[in-house]
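*Asks:* next one to model:
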Amino acid sequence: MTKEQTDSTAAGQAVAEEPFSPIRWREGCLELLDQTRLPVEETWLRCERPEDVADAIRRLAVRGAPAIGVAAGYGLVLGLEGFADGGDEALRQRFDDVAELLGGTRPTAVNLHWALERGREVFEAHVAGGDRQAVQAVLLRWAEDLHARDLEANRRIGEHGAALFTEGDRVLTHCNAGALATAGYGTAIGVITSAWHQGRVRQVWVDETRPLLQGARLTAWELKRLGIPHRLVTDSSAGSLISRDLVDRIVVGADRIAANGDTANKIGTYVLAVLAHRHQVPFYVAAPLSTIDPRTPTGAGIPIEERSADEITNVFGTRIAPEGVEAANPAFDVTPAELITAIVTDVGVLRPPYTESIANVL
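*Replies:* I've put the predicted structure just below:
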């Protein structure tokens, strides 16, 4: 990965422009907004090799299931850059190596593998003849189309989800499922944005989302940028807010949805779903169809990424736990389908029983 660009600006000075995307292709390279640096500063990483993209995904410089998928699509393009023409088989081996590299970065987000599979289909349809430049050009057009399609899908998710809200709703969200987690506009935050534009959202409660504080660092940054009223709260405040009738709806994103509707999302989501069920607060999941994995029958089959214990024992370089303390750090949990009021997708709102509604749209 090359040196970070010098067009960094103070995050608080950001200007809302449409459409905003944390991913951009410029001058033959992939540029990613480094989300590990937000909200203090906006810095774009210039990725010239697939290894750069893999590193950015692995360390959460780019994150969120749809955004990871789009970044991986461009990573496939970079994987063929400068590769010596050596016939079909040599190109296939190179593609396989790059796909394996990118596919091994994050196990839970199904959009990553979905994008790599679609990229493979495009590659195989055009590899005959071993012309590396021609194949790379086709892959680039596909990656750019994937980028545009995800942005459009998120706008449709926002439209479908906004219809579920009523005037003056107070909504709670967890982690970050906005433009930063997608090609643009966002899933859960896209729903909130569309509902807000229609006068249906009064305020957003933003869970800080320990341990990496994606809510405090990223969702609050996005909502401030959009001008949507919001208040940041600790994760453990959610139960109190809900029990005091201060939350009308909850909407979250997803990293993988099983065929029966069980949903993997950032750790802490399951707790919110249980609280919502106890207090009869609608609990919505917002995600594109590409996040649904029909090959995984139930949530029991979703792999859960275990991240470094240092994310628990340290906060931004400062140790907060005694030396030698062990920590468990699952990055996601699974919310059973029976706790989900509706799944908002780019083709419409899915309702229980999800085994049937998901099968119908797929």
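*Asks:* pull up the pairing partners for the biggest strand by length in the chain, direction included.
*Replies:* Criterion DSSP state E: the longest strand present in the chain is strand 201-207. Its sheet considered, strand 201-207 pairs with strand 169-173 (parallel), strand 230-233 (parallel) by DSSP bridges.
*Asks:* distance between the last one and the chain's centre?
*Replies:* Between the centre of strand 230-233 and the centre of its host chain there is 21 Å, according to Cα atoms, centre = their mean, to the nearest Å.
*Asks:* now it: mean pLDDT?
*Replies:* Averaged across strand 230-233, the pLDDT comes to 98.
*Asks:* could you point out which element follows the helix or strand of the chain with the lowest mean pLDDT?
*Replies:* Using mean pLDDT, DSSP states H and E, strand 9-10 stands out as the lowest-scoring helix or strand of the chain, at a mean of 38. As assigned by DSSP states H and E, the chain's next helix or strand after strand 9-10 is strand 23-26.
*Asks:* ok, and what's touching that following strand?
*Replies:* 30-33, 44, 62, 67, 70-71, 74, 140, 143-144, 147, 183 (Cβ atoms under 8 Å, 6 or more residues apart in numbering). To be clear about C-beta, it is placed using only N, CA and C from the backbone, and glycine gets the same treatment.
*Asks:* now the helices for the chain?
*Replies:* For the chain, the helices defined by DSSP state H cover 50-58, 65-79, 88-103, 110-126, 132-162, 188-197, 214, 220-226, 238-243, 269-279, 310-313, 354-361.
*Asks:* could you point out which of these sits nearest N260?
*Replies:* Judged by Cβ to Cβ, the one of the helices of the chain that comes nearest to N260 is helix 354-361, at 5.0 Å.
*Asks:* what's the mean pLDDT across the closest one?
*Replies:* 98.
*Asks:* need the contact partners of it.
*Replies:* 257, 259-261, 289, 292, 294, 337, 340, 343, 345, 347-348, 350-351.
*Asks:* and of the strands paired with strand 201-207, who's closest to I320?
*Replies:* Of all the strands paired with strand 201-207, it is strand 230-233 that lies closest to I320, at 19.2 Å by Cβ to Cβ.
*Asks:* list the buried residues in that closest one.
*Replies:* H230, L232, V233 (16 or more other Cβ atoms under 10 Å).
*Asks:* if I pick the closest residue to A183 other than its chain neighbours, what's in contact with it?
*Replies:* Leaving aside its sequence neighbours, A183 sits nearest to D150 (Cβ to Cβ, 6 or more residues apart in numbering; 3.7 Å). For D150, the contact set (Cβ under 8 Å, 6+ apart) comprises P66, G69, V70, T182, A183, G184, P288, S290.
*Asks:* wait, P50 touches L80, no?
*Replies:* No - P50 is beyond contact range of L80, at 9.1 Å (criterion: Cβ atoms under 8 Å).
*Asks:* overlap in contacts, the two.
*Replies:* Taking Cβ under 8 Å, 6+ apart as the criterion, P50 and L80 both touch V98.
*Asks:* residue ranges with poor pLDDT in this protein?
*Replies:* Scanning the chain for pLDDT under 70 picks out 1-18, 84-86, 130.
*Asks:* can you give the domain ranges for it?
*Replies:* 9-155, 157-361 (automatic domain parsing).
*Asks:* of P50 and L80, which one has the most company?
*Replies:* P50 (24 against 20; other Cβ atoms under 10 Å).
*Asks:* follow-up on the earlier one: chain center to the longest strand of the chain: distance?
*Replies:* The chain centroid and the centroid of strand 201-207 are separated by 19 Å, computed with Cα atoms, centre = their mean.
*Asks:* can you tell me what sits against it?
*Replies:* 165, 168-175, 192, 195, 215-216, 219-220, 223, 228-235, 238, 241, 246-247, 268, 272.
*Asks:* which of those are buried? Put it as a ChimeraX command.
*Replies:* Selection of buried members from these for ChimeraX, criterion 16+ other Cβ under 10 Å:
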select :165,169,170,171,172,173,174,175,192,195,215,216,219,220,223,228,230,232,233,235,238,241,247,268,272
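*Asks:* excluding chain neighbours, what is closest to P22?
*Replies:* Closest to P22 by Cβ to Cβ, 6+ apart is L33, at 4.0 Å.
*Asks:* gap between that neighbour and P288?
*Replies:* Per Cβ to Cβ, to the nearest Å, L33 is found 20 Å from P288.
*Asks:* of the two, who's got more company?
*Replies:* P288 (26 against 20).
*Asks:* contact partners for that one?
*Replies:* Residues in contact with P288 (Cβ under 8 Å, 6+ apart) are P66, N111, D150, A153, N154, I157, T187, T345, D346.
*Asks:* just name the closest of those residues to G299, please.
*Replies:* Within the contacts of P288, proximity to G299 (Cβ to Cβ) peaks at N111, which comes in at 16.9 Å.
*Asks:* from E305, how far off is the most centrally placed residue in the chain?
*Replies:* Nearest to the mean C-alpha position of the chain, by Cα atoms, centre = their mean, lies G64 at 1.9 Å. To E305, G64 is 14 Å away according to Cβ to Cβ.
*Asks:* likewise N314?
*Replies:* In terms of Cβ to Cβ, N314 sits 18 Å off from E305.
*Asks:* next, format the helices of the chain as a markdown table and append distance to E326.
*Replies:* A markdown table is the format used below for these (distance: least, Cβ to Cβ, whole Å):
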| stretch | distance to E326 |
| --- | --- |
| helix 50-58 | 23 |
| helix 65-79 | 29 |
| helix 88-103 | 30 |
| helix 110-126 | 29 |
| helix 132-162 | 39 |
| helix 188-197 | 33 |
| helix 214 | 24 |
| helix 220-226 | 31 |
| helix 238-243 | 27 |
| helix 269-279 | 22 |
| helix 310-313 | 9 |
| helix 354-361 | 37 |
